[in-house]
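> have a look at this prediction, sequence included:
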Amino acid sequence: WIMNVMQTDAAINPGNSGGPLVNIGGEVIGINSVKLVESSVEGMGFAIPIEVAMAQVEKLEKGEPIERPVIGIRSYDVETVAAYGRGNLNIGDLKEGVIITEVLDDSDAKNAGIEAKDIIVKMDGVKVTNSAHLKFLLYKHNIGDSVKVTVMRNGKEKELTIKLTHRLGETSN
């Protein structure tokens with residue numbers, strides 16, 4: 001996972017996560033939410049930036065769930081493909097991106113024309129490094145949005161538009 005968080009040295013313990021992180025002026029700048037618990041790490045906590053949280057406040061005040069879109073693919077990362085498999089996928093020199101292994105029926109990806117063996121290399125003009133990064137970029141969008149996805153197909157770039165209609169839990173990725 002890739003998360004948009006701020007590191008903090010504020011104590012985050014069971015029962016007090018979700019509290020405000022304030023600056024020296026008393027302004028709320030984040031919401032304490034995650035703590036790494038490992039023997040090699042002591043007290044490393046993270047807070048959700050207040051700008052990220054505020055983008056969802058209206059839904060939360062109405063008691064609505066925060067829904068994440070999915071496009072309906074199964075995939076793996078270009079960086080994991082061994083040299084001997086690169087020729088079969090027509091990857092060329094690509095070092096980053098997401099290879100589509102399956103496009104689910106009745107999915108937003110299928111409706112947009114994405115095909116198995118396509119390689120997602122950009123979303124909304126931003127270079128996609130791997131599947132975690134793809135989810136990070138996708139989760140910036142809401143159900144109902146359209147996103148531009150650039151795929152490599154047979155060695156050529158092709159731009160497709162995906163209308164986001166499916167919610168997390170309805171289909172994979």
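Nice, thanks for sending it over.

> ok, now which ones touch Gln147?
In this structure residue 147 is Val, not Gln. Applying Cβ atoms under 8 Å, 6 or more residues apart in numbering, we find Val147 in contact with Met123, Asp124, Leu138, His141, Thr161, Ile162, Leu164. Backbone N, C-alpha and C define where each C-beta goes, glycine included.

> relative to Gly155, which of those is nearest.
Met123 (20.0 Å; Cβ to Cβ).

> what residue of this structure is the furthest out?
Most distant from the centre of the chain: Gly25, at 32.7 Å, with distances by Cα atoms, centre = their mean.

> and the strands in the protein?
Assigned by DSSP state E, the strands in the chain fall at 6-8, 20-22, 28-35, 45-49, 69-70, 73-77, 98-103, 119-123, 126-127, 146-153, 156-163, 166-167.

> now render those as JSON lines, adding distance to Leu60.
Output for those, formatted as JSON lines (distance: least, Cβ to Cβ, whole Å):
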{"stretch": "strand 6-8", "distance to Leu60": "20"}
{"stretch": "strand 20-22", "distance to Leu60": "15"}
{"stretch": "strand 28-35", "distance to Leu60": "11"}
{"stretch": "strand 45-49", "distance to Leu60": "12"}
{"stretch": "strand 69-70", "distance to Leu60": "18"}
{"stretch": "strand 73-77", "distance to Leu60": "29"}
{"stretch": "strand 98-103", "distance to Leu60": "31"}
{"stretch": "strand 119-123", "distance to Leu60": "26"}
{"stretch": "strand 126-127", "distance to Leu60": "27"}
{"stretch": "strand 146-153", "distance to Leu60": "24"}
{"stretch": "strand 156-163", "distance to Leu60": "25"}
{"stretch": "strand 166-167", "distance to Leu60": "17"}
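
> nearest to Glu61, of those strands?
Between the strands of the chain, strand 28-35 lies closest to Glu61; by Cβ to Cβ that is 14.8 Å.

> residues of that closest one that come out buried?
By 16 or more other Cβ atoms under 10 Å, the buried positions in strand 28-35 come out as Gly30, Ile31, Asn32, Ser33, Val34, Lys35.
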